[in-house]
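Enquirer: Need coordinates for the following:
(2 chains)
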Amino acid sequence: MNAIIFSALMGVVMMFSGILTQNKSVLKYIAATGLLLLIAANLLNAEAVFSIKVNTHGLISFDRFGLYFNTIAFTATLVYVLLSGSDIGKVGSGLYTADFFALIFFVLCGLSILSSFNGLLMLFLGIEILSIPLYILTGADKRNLKSNEASLKYFLMGSFTTGILLMGIALIYGATGSFAIQAPPIVPSTGMVRASFLEVAGLILLFVSMAFKASAAPFHFWTPDVYDGAPSVFTSFMATIVKAAVFIAFIRLFQGQAVVLGPSWKILVSFVILATLLIGNVTAVFQQSVKRMLAYSSIAQAGFMLFALFSGNDLGKEGILLYTAAYSLATIGIFAVLIKMNDYTLEGFNGLAARQPVLAFVTTVCLMSLAGIPLTAGFFAKYYMLASAVKAGGALWLVVIAIVFAAISVYYYFRVIQAMYFREGEAGTAPISSGFKIMLIIVAALIILTGIWPSLVLSGFYF
Amino acid sequence: MNITQILFFLLSAMAIFSAIMVLVSRNPVHSVLWLIAVFFAISGHYILLNAQFLAIVNLIVYAGAIMVLFLFVIMLMNLNKDTEPKKNIWMKLAGVVSGGCFLMVLISLVRQAADMQGKAAQTGVGDIGLIKNLGKALFSDFVVPFEISSVLFLSAMVGAVVIGKKA
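Expert: Predicted coordinates for the structure are as follows:
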């Protein structure tokens, strides 16, 4: 409960600090301090030292997995704020910096609900608290037509999916008479669950809406336009921390309920994984804009994260935590560099290594992590995901296909590295401060450190 | 068949017919008016379930406030046949296929359902929709989501101010 309460409070604090000061770096450090407090409050909760007890009537339950996910997500947000926080002040007219930080804290409140919900009602509230600030952040650059279009598109499609989610919740409530996410008991004679057809139909609708939020194919159509149109700073936040939160909710929702769908569950998920990997990777190959390529690559990464849903075992849970850390760090790093570039196309990166060696090096480390090259965090993230699927059994073909697609992804990630190091060009950047360079190097160091020693992230899960 | 059952089927037929008319109407203003008819039919269902409070709130909030907003927006945008975007034949086909797949899933589920056969809709029983019981449920079992939804509204308000102001 600490994380939910403190993040909502910090949102209010940010709103009011906007009245007192318009100084952007002050606001940035207030937000960073708030995040540190939030991490501390969440850790105290996880260690059972201090936690605010609220009788939630079984609608929320806090477990180690959810709380540890909160810690990872808050830490990633802290890195994000320290790295790109000053760019948030440059979005639009620059008058709403405090409000943008407030909205980010509200998103974190939704995230901490999604990592601990125990009833469909809380799932709905969490998804909405997560989504509504994002619609605003997407349209934050009000004078930019593309940002407006992305915001409207995201809002319309998102509200439509919320309708589907509510329909699913209504059907399940009609079948079981409760919002609980525990599946009905298994009948010993058949070995299957005796579920009402309303429950099955409701679960399918829930699956559709969650797949939309996680941008899994064939519900991914909004992703490239929204990620491309939104201000780059907020794309970075949406594509990493928010997406991971949706996956946690997805796993929490279906870890008990998957039995209701019986054997068709695995077929459904493997089809979605296959489509997501195919569409994400193949379309990313043809992109000329690096930002749009990253949008498609985030669809492709979602395909890998779906393996945790497919396997549904503890290895998958560890994997999704590691994946969240690895993918968030790498994507936040790349976007931080991308925001500084004058030109978002591949040509814009030509010759970056000669002009800004630090930026080029960190981008290279991040891209290698996304591609899953050994010695970077992305390798172990992908390894855990595929290992969990192998352990769950019955899907070796899917694992082989995923490895093939990971190899394809190397092509489009390395095109950026090639442009930076082996092409002549005048890669123009905004002025780079030395503090920014130091933060970037810390991110790269964290990626490599996690790549060599993945238990750095995972040990916190157990101790 | 008693009077509540007759009313139930009448209201259901009205709701389904109006919902279909919302979709097939060419003129968006007609669609909105049909949608109001749907809300009235659903409010009738609430009254049959002994949930007067929900019925009235549904009428005031949805049929009243929100639909009037809808009508204003549509009239201000001055939509007519000329402004209706041309839809791609492949998009239509994709819509038919995906909608048809979903219909097939639902029908096959209903066909297999053993637990729903021979059950009729409950009418005229239950008192959960009364304002007293609703208030009790909101402030005891569902007090946490009730309070947390304030965060949702707060973030929506911040967003509305950010989006709505000029600069």
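Enquirer: Next up, the contacts around the most centrally placed residue in chain A.
Expert: Taking Cα atoms, centre = their mean, the centroid of chain A lies closest to A:Lys243, which sits 2.5 Å from it. Applying Cβ atoms under 8 Å, 6 or more residues apart in numbering or on different chains, we find A:Lys243 in contact with A:214-215, A:298, A:302, A:305. No exception for glycine: its C-beta is placed from N, CA and C like everyone else's.
Enquirer: As CSV, those with neighbour count would be great.
Expert: What follows is these, written out as CSV (neighbours: other Cβ atoms under 10 Å in any protein chain shown):
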residue, neighbour count
A:Ala214, 25
A:Ser215, 26
A:Ser298, 24
A:Ala302, 26
A:Met305, 27
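Enquirer: from the residues you listed, which is closest to chain B?
Expert: Proximity of these to chain B (Cβ to the nearest Cβ) peaks at A:Ser215, which lies at 17.6 Å.
Enquirer: pretty sure the closest one is touching A:Gln301, no?
Expert: No: with contact defined as Cβ atoms under 8 Å, A:Ser215 does not reach A:Gln301; the gap is 9.7 Å.
Enquirer: what's the overlap in contacts for those two?
Expert: By Cβ under 8 Å, 6+ apart, no residue touches both A:Ser215 and A:Gln301.
Enquirer: Following the chain past whichever helix or strand the residue nearest to the centre of chain A is part of, name the next helix or strand.
Expert: If you go by DSSP states H and E, A:Lys243 is part of helix A:243-257. Next helix or strand after helix A:243-257 toward the C-terminus (DSSP H and E): helix A:264-285.
Enquirer: Give me the mean pLDDT for that following helix.
Expert: Mean per-residue pLDDT for helix A:264-285: 92.
Enquirer: Which positions in it come out as buried?
Expert: Neighbour-count burial for helix A:264-285, counted by 16 or more other Cβ atoms under 10 Å in any protein chain shown, picks out A:265-266, A:268-270, A:272-281, A:283-284.
Enquirer: For the closest residue to A:His57 other than its chain neighbours, give its distance to A:Ile113.
Expert: Using Cβ to Cβ, 6 or more residues apart in numbering or on different chains and skipping the chain neighbours, the partner closest in space to A:His57 is B:Asp141 (4.8 Å). With the distance defined as Cβ to Cβ, to the nearest Å, B:Asp141 ends up 17 Å from A:Ile113.
Enquirer: Likewise for A:Ile408?
Expert: A:Ile408 is 36 Å from A:Ile113, where distance means Cβ to Cβ.
Enquirer: Go ahead and confirm A:Leu274 touches A:Leu398.
Expert: Yes: A:Leu274 is within contact range of A:Leu398, at 7.0 Å (criterion: Cβ under 8 Å).
Enquirer: per-residue confidence for the nearest residue to A:Ala230 once chain neighbours are set aside?
Expert: In space, and not counting its chain neighbours, A:Ala230 is closest to A:Thr138: 4.2 Å by Cβ to Cβ, 6+ apart. Here, the pLDDT recorded for A:Thr138 equals 93.
Enquirer: Please enumerate residues in contact with the longest helix along chain B?
Expert: Looking across chain B with DSSP state H, the single longest helix is helix B:89-112. Outside helix B:89-112, the residues that touch it by Cβ under 8 Å, 6+ apart are A:197, A:200-201, A:204, B:116.
Enquirer: Show me what counts as buried in that helix.
Expert: Result for helix B:89-112 [16+ other Cβ under 10 Å]: buried residues B:106, B:109.
Enquirer: Contacts made by the helix or strand that comes right after it with the rest, please.
Expert: Next along the chain after helix B:89-112, taking DSSP H and E as the criterion, comes helix B:131-139. By Cβ under 8 Å, 6+ apart, the surrounding residues in contact with helix B:131-139 are B:52-54, B:127-128, B:146.
Enquirer: Spit out the contact partners of A:Leu35.
Expert: So A:Leu35 contacts A:10, A:74, A:77-78, A:81 (Cβ under 8 Å, 6+ apart).
Enquirer: I meant to write A:Met420 there.
Expert: A:Met420 sits in contact with A:349-353, A:360, A:363-364, A:427, where contact means Cβ under 8 Å, 6+ apart.
Enquirer: which one of those residues sits closest to B:Leu154?
Expert: Of all these, B:Leu154 sits closest to A:Thr363, with 37.5 Å by Cβ to Cβ.
Enquirer: burial of that closest one, as a residue count?
Expert: By the criterion of other Cβ atoms under 10 Å in any protein chain shown, A:Thr363 has 27 neighbours.
Enquirer: Ok, B:Leu69 next?
Expert: For B:Leu69, the neighbour count with other Cβ under 10 Å is 11.
Enquirer: so which helix or strand takes in it?
Expert: For B:Leu69, the element it lies in under DSSP H and E is helix B:67-77.
Enquirer: ok, residues contacting that helix?
Expert: B:28-29, B:32, B:35-36, B:39.
Enquirer: can you rerun that using 6 Å?
Expert: Helix B:67-77 is contacted by residues B:28-29, B:32, B:36 when judged by Cβ atoms under 6 Å, 6 or more residues apart in numbering or on different chains.
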